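Participant: Sequence first, predicted coordinates after that:
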Amino acid sequence: MRFDDYAELLRWTAASIQVERSGAPPPVDASLRGLGLSSTGFVDSICNYARRFFTMVGQVQRIDAESRRRGYRRRPGRGAAQQLYRTNAA
């Protein structure tokens, strides 16, 4: 992701969080679409990061792989990742 795209994503995220309380969100950021992310899920994951992901964030298969590498029986953040990365979820 280019820096300019990242900066625009940050601006869009801030606007979405402010608007979430008052009405319709701004148009979906192109970066989210390009990454296959749900705009609603993305904003929710930012606002509720600690409750959704605990120690890991990423695509489901990466959370599974890292959980195996760490010897975890449970896969923290897997459910949230399935919702957020819905087009890439396994």
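Facilitator: Nice, I can see it. Numbering: from 1, shown residues only.
Participant: make it CA atoms for all contacts and neighbour counts henceforth
Facilitator: OK.
Participant: Which secondary structure elements does the lowest-mean-pLDDT helix or strand in the chain sit against?
Facilitator: None of the helices or strands of the chain scores lower by mean pLDDT, DSSP states H and E than helix 30-35, at a mean of 74. Helix 30-35 sits against helix 3-20, with contacts defined as 3 or more Cα pairs under 8 Å, 6 or more residues apart in numbering; DSSP states H and E.
Participant: please redo it, this time with the cut-off set to 7 Å
Facilitator: Counting contacts by 3 or more Cα pairs under 7 Å, 6 or more residues apart in numbering; DSSP states H and E, helix 30-35 packs against no other helix or strand.
Participant: residue nearest the centroid of this structure?
Facilitator: Centroid-nearest residue in the chain: residue 42, 4.1 Å away (criterion: Cα atoms, centre = their mean).
Participant: For that one, which residues are in contact?
Facilitator: By Cα atoms under 7 Å, 6 or more residues apart in numbering, the contact list for residue 42 reads residue 84.
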